[in-house]
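1. build the 3D model from these lines:
(one chain, ligands or ions: 1)
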Amino acid sequence: MPSLVDLDPPGLRDELSAAGFPPSHATHILRRFYARQGTLDTWPEQIGPRIARWLREQEPAPATKLHTRHESADGTVKLLLSLNDGKSIETVLMPAHRPGRAAGCVSSQVGCAMGCTFCASTRNGLDRNLRPGEIVEQFLHLQREAAAMDRRLTSLVFMGMGEPMHNLDNVIAAIHRIADPAMGGLGWRQITVSTVGIVPGIDALADADLNVHLALSLHAADDETRSRIVPVNNRYPVADVMAAARRFADRTHRIPTIEYCLLAGVNDSPLHARRLAELMAGFRAHVNLIPYNTIAGADYRAPEERATMQFLQCLRDANIIVHVRETRGDPINAACGQLRNLNSLELHAPVLVPSPGIPGEG
Ligand code: SF4
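-> Okay, the predicted model is just below:
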């Protein structure tokens, strides 16, 4: 039998029937499984000891295993997870300012083929797509981390390693299990799928009618600057990706987020800000300014605070909804791909923090 993270209620009903158990237990079993953050021990008495024992016998070993856990002073926790084929991925938990809540960030691929010049995830190219169960297990790891700090995981972004639109079928399958009240129960609106601008993927996500949010990593409003830092812009230029974001907004009635990573001397000038303001005119979207997170060996620098504030003010003067995203987890290399690269290159012994109360992890 596949793992419970790879089954939805109809699939589990089939498995139960084939094993001679009442299929009507499927929904209850999945709900309990997710409510207990993916653990199968000490449950579920209501469905009877025979089914409980059968489930425990059938459930394969997890597809992901905690390899390294880093925690920064601001409470951001970054997990390096090993996969069964020896690859590794990253997933991040960020405590929210509101007490009792936390946001998660998951990976969709091992590595990334997109080649964004400021990103550590792409340094070794794309290894492979993640399977739905490997994405769902990241969600379960994050739920357990959140519970260990007396918080609840209340939102999830696909902003870790990889381009989600290049693994969209598996991402959508995972979203169903994570969001559906009959399984993970996180809620559709609590999920954001980020893309560097794969136009057919944006349209396909709108067609999937999931009620999730879209984040578009724009990083520059003109093709010349954007192509320098986001090579896929040569295939899907600014006008095309913005048109796709507008179509998504029209179809789904969800307000997209435009992500803009500020790189000193590259895309953070007043002229770049004015171009972005012009591009956003008449488009109902949020702009998130993200001051670059400096990484060892990179060609880029974090912007001056004054440049960030000027950029922000220029957009505000144009009546654009804009925020500066707080940089989280610097001391633990929280930008995507940094931990994995650090680990694989063995530049430093990672700072290992004992994992409090994560069932099944050493
Ligand atoms: S920023 Fe995203 S899309 Fe670009 S290389 Fe990194 S992981 Fe891939």
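2. residue 203 - that's part of a helix, no?
-> Yes: under DSSP: H, G, I helix; E, B strand; the rest coil, residue 203 falls within a helix.
3. hang on, it packs against residue 246?
-> No: Residue 203 lies out of contact with residue 246 (C-beta atoms under 8 Å); the separation is 11.4 Å. Any C-beta I mention is one placed from the backbone N, CA and C, and that applies to glycine too.
4. grab the nearest non-local neighbour of residue 91.
-> Spatial nearest neighbour of residue 91, excluding adjacent residues (C-beta to C-beta, 6 or more residues apart in numbering): residue 138 at 4.3 Å.
5. actually residue 1, not the one I typed
-> residue 58 (4.3 Å).
6. now do residue 278
-> Per C-beta to C-beta, 6+ apart, closest to residue 278 is residue 221, 7.2 Å.
7. do the same with residue 137
-> residue 64 is the one closest to residue 137 (C-beta to C-beta, 6+ apart), at 4.4 Å.
8. in terms of pLDDT, where does the one you found sit?
-> Here, the pLDDT recorded for residue 64 equals 96.
9. which parts of the stretch 51-200 of the chain sit against the ligand?
-> Residues of the stretch 51-200 of the chain lying near the ligand by C-beta under 6 Å from any ligand atom: 112, 114, 116, 119, 121-122, 161-163, 196.
10. hmm, residue 2 and the residue nearest to residue 1 touching each other?
-> No: with contacts counted by C-beta under 8 Å, residue 58 stays clear of residue 2, the gap being 9.1 Å.
11. mutual contacts of these two, please.
-> Common neighbours of residue 58 and residue 2 (criterion: C-beta atoms under 8 Å, 6 or more residues apart in numbering): residue 15.
12. just to revisit the earlier point, run a quick neighbour tally on the residue nearest to residue 137.
-> 23 (other C-beta atoms under 10 Å).
13. ok, now which ones touch it?
-> Residue 64 is in contact with 81-83, 89, 134, 137-138, 141, counting by C-beta under 8 Å, 6+ apart.
14. now do 7 Å
-> Residue 64 is in contact with 81, 83, 134, 137-138, 141, counting by C-beta atoms under 7 Å, 6 or more residues apart in numbering.
15. any idea how far residue 82 is from it?
-> Distance from residue 64 to residue 82, counting by C-beta to C-beta, to the nearest Å: 7 Å.
16. go on, residue 249?
-> 39 Å.
17. so the nearest residue to residue 254 once chain neighbours are set aside bridges to which residues?
-> Leaving aside its chain neighbours, residue 254 sits nearest to residue 213 (5.3 Å; criterion: C-beta to C-beta, 6+ apart). Note on residue 213: beta-bridge partners by DSSP bridges are residue 192.
18. count of neighbours near residue 213?
-> Neighbour number of residue 213 under other C-beta under 10 Å is 21.
19. that one contacts residue 253, doesn't it?
-> No: here residue 213 lies out of contact with residue 253, judged by C-beta atoms under 7 Å, at a distance of 11.1 Å.
20. who are the contact partners of the residue lying closest to residue 163 once chain neighbours are set aside?
-> Excluding its sequence neighbours, the residue lying closest to residue 163 (C-beta to C-beta, 6+ apart) is residue 114, at 5.1 Å. By C-beta under 7 Å, 6+ apart, residue 114 lies in contact with 122, 163, 196, 232.
21. got a pLDDT number for residue 114?
-> For residue 114, pLDDT reads 94.
22. for it, helix, strand, or coil?
-> Looking at residue 114 with three-state DSSP, the answer is coil.
23. give me the phi and psi angles of it.
-> phi -80, psi -20 (degrees, to the nearest 10).
24. any idea which helix or strand comes after the top helix by length along the chain?
-> Longest helix in the chain, counting residues (DSSP state H): helix 132-148. The helix or strand immediately downstream of helix 132-148 is strand 152-158, counting by DSSP states H and E.
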